[in-house]
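Trainee: Sequence and predicted model, in that order:
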Amino acid sequence: MKSVVIGVIGADVHAVGNKIIDHVLSSAGYNVVNIGVLSSQEDFISAAIETDAKAILVSSLYGHGEMDVKFFRENCDEAGLSDVKLYVGGNIVVGKQDFNEVEKRFKDMGFDRVYGPGQKIEDAITHLKEDIGI
Amino acid sequence: MKSVVIGVIGADVHAVGNKIIDHVLSSAGYNVVNIGVLSSQEDFISAAIETDAKAILVSSLYGHGEMDVKFFRENCDEAGLSDVKLYVGGNIVVGKQDFNEVEKRFKDMGFDRVYGPGQKIEDAITHLKEDIGI
Amino acid sequence: MVENKKIPLEEFLKIRSEILHHWKTGSSPLLDLDSSVERLKAIPDHKNFAKKLKKAKQQGLTLIQPRAGVARLKEHIELLQFLEKEGEADFLPSTIDSYTRQNRYQNAQDGIDESERKGRSLLNGFPCVNHGVEGCLEVFESVNVPLQARHGTPDARLLSEIIHAAGWTSNEGGGISYNIPYAKSISLEDTIRYWQYCDRLVGYYEEHGVEINREPYGPLTGTLVPPSISHTVAIIESILAAEQGVKNITVGYGQSGNVIQDVAALRTLEEETNRYLKLFGYEDVFVTTVFHQWMGGFPKDEAKAMGLISMASTVAALGKATKMITKTAHESFGVPTKEANAEGLRASKIVTSLLRDQKLADSDELQEEMEIIRKEVACLIEAVVYEGKGDIAKGSVKAFKKGLIDVPFAPSQHNSGRILPARDTDGKIRIFEFGNLAMSDEIKEFHRNKLKERATLEGRDVSFQMTIDDIYAVSSGILVGKPQEEL
Amino acid sequence: MVENKKIPLEEFLKIRSEILHHWKTGSSPLLDLDSSVERLKAIPDHKNFAKKLKKAKQQGLTLIQPRAGVARLKEHIELLQFLEKEGEADFLPSTIDSYTRQNRYQNAQDGIDESERKGRSLLNGFPCVNHGVEGCLEVFESVNVPLQARHGTPDARLLSEIIHAAGWTSNEGGGISYNIPYAKSISLEDTIRYWQYCDRLVGYYEEHGVEINREPYGPLTGTLVPPSISHTVAIIESILAAEQGVKNITVGYGQSGNVIQDVAALRTLEEETNRYLKLFGYEDVFVTTVFHQWMGGFPKDEAKAMGLISMASTVAALGKATKMITKTAHESFGVPTKEANAEGLRASKIVTSLLRDQKLADSDELQEEMEIIRKEVACLIEAVVYEGKGDIAKGSVKAFKKGLIDVPFAPSQHNSGRILPARDTDGKIRIFEFGNLAMSDEIKEFHRNKLKERATLEGRDVSFQMTIDDIYAVSSGILVGKPQEEL
Ligand code: B12
Ligand code: B12
């Protein structure tokens, strides 16, 4: 069973989606390591190292995502996690912005997959299977 | 007491505004000659001649106004009503259009005053006083 | 004198052969009745208006339908497809233009031609007679939900022939409701006869195994119409239709703005229509209701218009109307764009969907209001029966002539036009000037007291100015008009 | 252990002198209490939150207030002025950014600086502590309606000092409601203490003749929260606030979606808060209610969002809430533009204005639902009293620890998080997994039966999947979630 780390980054406390992601990915056959809300980059990285996770799914709902994930890819690489897949989803920027641009901004920061508002976790499972298997 | 002709032109049956206009202009001191709904250009013109009216207030609500008032100014002039003021108001074109353009179109057709959607008759009394007195 | 008697088949066919000569599209081979019956029998259930309504009624749903129509065929089809897809409309209309409504088919043709030239619709609706059965059939085949003609045509005989032959399985209108608010001088006798014809046509289809829905037009002038008056017209037209063989009827009502009055109206409308139909011996008519979102002057502000639309949807859903006619954020300006129309639909749709399992709970206030409406309807129907010596058609003509039934703000000369309505303190529509309206003293007393209450509160007299204030009120964002000084 | 005891003035002032050192803006001379009192006494009535609420309550109005806040001062002022003028907001907020909420003033400063550089707000709210009393006062002086801070700050002591000194006469929050849904590890003891401080500050102002409103945060996680649970928190926080000298309290509730449950909730919220306040000896507190438009996941479609907002407004008006917090068509995407925000306000405004003279009539269903809520609240409050041996503060901490009170989907570790809610057949929120929730067997039985009914209807078991379906439901346009197969 592959491990994936999930959590909500920064000063963000939106817990509902996180609990559902946990449930859905577990049901889909992953070993879900849920570090919960209010998690720092370090929390994500240590959890991934400890559990040999193949992917980190960062949630950010509250709008500060763009600031909170700065250098996340670089920090992962430094910690020896250059193979780990980085996903980000939720309401990752402030306000209603053109999603194509937003996606580009986050891909430039090194995220492998970027999800827009209202894209449910169910929509991402195919990608996850593609990227890391089950 | 100055006479003014009011009515609703064409195949238009919107009667509510017409009844209110009648009441409001009468209260304002005009001799209101109300030819009602479903009135033709000829109806307006004969009423104006018969009552020596100083102004004709054409209502058009249903959208066909632009077609119904074609050559109205010319027909008035022909009937010897070149001094009579022509007002038009209501929802005089089909759909939500830029009012400045609409106003221009109707002024080009010889209307002295053009009113947009939702402009109440109360708003026009000052103009009427200016144009023909009481 | 017109009578409430089924038109014999031969007479019907004789009139028919004349009617089909009113405009050239009447000569289409598709107007052969036998072939039409076959065509209509083949319509799948989900595209049959009557059947879809029955199903919705059984499931307790409130389905939605917009108004929509433009001059050119292709553009009209695009419009309807858009409203089906982007608006999630459950039923589609074709709103007919005003020239066609007045049987001015040449004017309509000019409108089509000029619209073609200018590349935008100069007509306020779809000129279905000019487009003929062929055009209307193309419309029908381009959509996946039932179609209805919505108009306001005093003499809709040719129109009805054409639309039904094209598979449109519902027709709005009636001899009173498409005269009094939509005409000036045409007599009620004539329009009742014309609509008996339209109903007889539906009866013919029913006799041949094709279900078609008919919808008397409920809101009348859409302006402070007391529920009992529109109910009475709906009941009369239902009886007239049933006599001609109509089996599936949707009676309508336009939102008043007071939630209790609206729900009381919806409930009594269905109940009393059913009751009177049975009383007059029409046992097998399936009755549903349609709620019209606010029919009076709209606020200019688009967000406020959306608020009003959605509030209306809440009432329709809680009142368990089977259908709702939607408005749009463009209402106060003009015929809406297809986008604005679809937005109005979607705002309405989410509300009716969210509330599909809920209804307004019973309460004393609701029961009282229902009782008042019932009593008023009884007064009015009784007057009609009395005037007609039992014949509803005759009685209606006489009752209107005498002002025993009277519709506020109607353009028709055959309407007495003496009654004056205004809102009471919580916004229910009441009457202060009754003219000759056939209501009992007890009821008149009730109305006058309600309005005196308001007058006292506002420190002014009950007067036409109060009515005007109420007419302007909703478009300025309130329900009960305020005295000028307070504004 | 924390106690429900008024903080003695000296102790308050001692803590205060420390608090003001938490960030450099704490040293502003405008934070001198005597001068603040003078400044606040001079505020005209129409800009005082407490007074405007009282007046609205007396007139039976439902006033509206948006959420709004951006990083930069000038932009924030423009935003609020826009919402006042174009949105017709009756009250204005300043929604505080999430860094400030976590007392990360340095992060907030970086956010302001980066926002200045990029020319757009990178913060999700207004960092009021960083802008200090001077900035907040500028905001206050730029608008003509009362101002309130809306946040979600576990430790809002410095924030509260700053906003009140700047003339903002209302503060949202509470020791439980700004902890459980807004924090992970901070203890309830701490946050209750922090909020006792905030309340004591208001008490100080009240003692010196300045009326200030306090608003416990009602909706908690905004996700399938049964009314009795949020009511219990509201009542506890009202008692805690009253003890510190607060005299004007607005208790809140987030729309459930079922009209009867919502109106029952609004009515019992006011009634029970008043009752328990009196029971615990606080006689002179003026209580009003605030209704939050749908707090869960929104539909993406903007027209549908407008429908939802307006439907919520209908409920708030008919339920006679004194205030309503509005949402916008951008809700599912992100912080709204000022235009979208104003549109949400205007759609809401017309509905509450139209319905100002109407209310939901009494009915058996409403009374039954009210009775259930009352009983549930009684169970929960009783548990708190028992745990605290009469002390509400102590009791709350213990009750949460044991899961006797439990909030669904809360991020806090100090919340047991074992209860699971789902909707019954007509959409009322019920509970199927109670964990340790202090409810009687009779009530548990009632809930379980209601949900069994639904499960039977849907041919599936009551399970977490049902809860998930309900969480997703409204954003897909329905209220009661449907089993996957049916979608
Ligand atoms: C009530 C109403 C009806 C009622 C009318 C009942 C009756 N017989 O009176 C019914 C339901 C029957 C009806 C029918 C139709 N209607 Co209609 N109706 C309305 C509605 C909702 C309100 C009109 C009203 O009474 N307002 C209240 C009165 C007091 O205001 P008013 O009429 O605007 O008049 C005031 C001002 O405009 C001004 N004014 C008017 N004329 C003039 C002239 C001058 C010189 C001046 C200074 C001022 C002035 O003063 C008046 C008093 O203050 C409007 C939309 C709206 N405004 O919200 C649509 C509207 C006018 N109708 C419309 C249409 C298309 C129709 C129909 C073709 C079909 C349909 N959609 O069902 C039929 C037409 C029938 C026909 N042959 O005419 C369209 C017109 C479209 C356009 N112009 O692009 C509108 C705008 C709705 C829409 N957005 O689609 N309608
Ligand atoms: C409920 C809610 C709250 C609750 C949260 C309770 C709790 N502790 O969980 C409360 C009321 C407390 C709250 C507070 C705040 N909120 Co809030 N909240 C919402 C709301 C309405 C619904 C969120 C939700 O639960 N949805 C249901 C769940 C199931 O969906 P989800 O969270 O989107 O998660 C799903 C998907 O996004 C996806 N997903 C999520 N992460 C990831 C990651 C990956 C890799 C993948 C593949 C998928 C994925 O899968 C999930 C499951 O399907 C949203 C708006 C909306 N969506 O309608 C705003 C929203 C998220 N909140 C917002 C804000 C700003 C706040 C506040 C700052 C202030 C405020 N406006 O009051 C505070 C922030 C507090 C903080 N420090 O974080 C903004 C964010 C703005 C932005 N990004 O521009 C939103 C968008 C509202 C708005 N339009 O302003 N909020």
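Mentor: Nice, I can see it. Residues are numbered from 1 along each chain as shown, chains lettered A, B, ... in the order given. Ligands and ions are numbered 1, 2, ... in the order given.
Trainee: what about the strands in chain A?
Mentor: When assigned using DSSP state E, the strands of chain A occupy the ranges A:3-8, A:31-34, A:55-60, A:85-90, A:113-114.
Trainee: so which of those strands gets nearest D:K6?
Mentor: Of all these, strand A:3-8 sits nearest to D:K6, with 37.6 Å by Cβ to Cβ. No exception for glycine: its C-beta is placed from N, CA and C like everyone else's.
Trainee: Contacts for the closest one next, please.
Mentor: A:14-15, A:17-18, A:21-22, A:25, A:30-39, A:43-44, A:47-48, A:51-61, A:90, A:128, A:132 (Cβ atoms under 8 Å, 6 or more residues apart in numbering or on different chains).
Trainee: I'd like to know which of those residues are buried.
Mentor: Judged by neighbour count, with 16 or more other Cβ atoms under 10 Å in any protein chain shown as the criterion, the buried members of the contacts of strand A:3-8 are A:14-15, A:17-18, A:21-22, A:25, A:30, A:32-39, A:44, A:47-48, A:53-61, A:90, A:128, A:132.
Trainee: the longest helix in chain C is where?
Mentor: Looking across chain C with DSSP state H, the single longest helix is helix C:364-387.
Trainee: List the contacts of that helix.
Mentor: Taking Cβ under 8 Å, 6+ apart as the criterion, the residues outside helix C:364-387 that touch it are C:226-229, C:231-232, C:235-236, C:260-261, C:263-265, C:267-268, C:272, C:276, C:360, C:392, C:394-396, C:398-399, C:402, C:404-405, C:428, C:437-440, C:442-443, C:446, D:361-362.
Trainee: what about 7 Å?
Mentor: By Cβ atoms under 7 Å, 6 or more residues apart in numbering or on different chains, the list of residues contacting helix C:364-387 from outside reads C:227-228, C:231-232, C:235-236, C:260-261, C:263-265, C:267-268, C:272, C:276, C:360, C:392, C:395-396, C:398-399, C:404-405, C:438-440, C:443, C:446, D:361.
Trainee: tell me which residues in that helix are buried?
Mentor: Of the residues in helix C:364-387, those with enough neighbours to count as buried (16+ other Cβ under 10 Å) are C:365-366, C:369-370, C:372-381, C:383-385, C:387.
Trainee: from the chain's centre, how far out does whatever helix or strand C:R39 lives in sit?
Mentor: With the criterion set as DSSP states H and E, the secondary-structure element containing C:R39 is helix C:33-41. From the chain centre to the centre of helix C:33-41 is a distance of 27 Å (Cα atoms, centre = their mean, to the nearest Å).
Trainee: Put the alpha carbons of that helix into CSV.
Mentor: Output in CSV follows, covering the C-alpha atoms of helix C:33-41 (Å, rounded to 0.1, in the frame of the first residue of the first chain):
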residue,chain,number,x,y,z
LEU,C,33,-55.6,15.9,-38.8
ASP,C,34,-55.1,12.2,-39.3
SER,C,35,-51.4,12.5,-40.0
SER,C,36,-51.0,14.9,-37.1
VAL,C,37,-52.6,12.4,-34.7
GLU,C,38,-50.1,9.8,-35.9
ARG,C,39,-47.2,12.2,-35.5
LEU,C,40,-48.3,13.3,-32.0
LYS,C,41,-48.8,9.7,-30.9
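Trainee: Now the helix or strand following it: average pLDDT?
Mentor: The element immediately downstream of helix C:33-41 (helix or strand, assigned by DSSP H and E) is helix C:49-59. Mean pLDDT, taken over the full extent of helix C:49-59, equals 98.
Trainee: In PDB, list the C-alpha atoms belonging to helix C:49-59.
Mentor: Below are the C-alpha coordinates for helix C:49-59, written out as PDB (Å, rounded to 0.1, in the frame of the first residue of the first chain):
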ATOM      1  CA  PHE C  49     -46.300  18.300 -21.900                       C
ATOM      2  CA  ALA C  50     -49.300  16.700 -20.300                       C
ATOM      3  CA  LYS C  51     -47.400  13.500 -19.300                       C
ATOM      4  CA  LYS C  52     -44.400  15.300 -17.900                       C
ATOM      5  CA  LEU C  53     -46.700  17.500 -15.800                       C
ATOM      6  CA  LYS C  54     -48.500  14.400 -14.400                       C
ATOM      7  CA  LYS C  55     -45.200  12.800 -13.400                       C
ATOM      8  CA  ALA C  56     -44.000  16.000 -11.700                       C
ATOM      9  CA  LYS C  57     -47.200  16.300  -9.800                       C
ATOM     10  CA  GLN C  58     -46.900  12.800  -8.600                       C
ATOM     11  CA  GLN C  59     -43.300  13.400  -7.500                       C
END
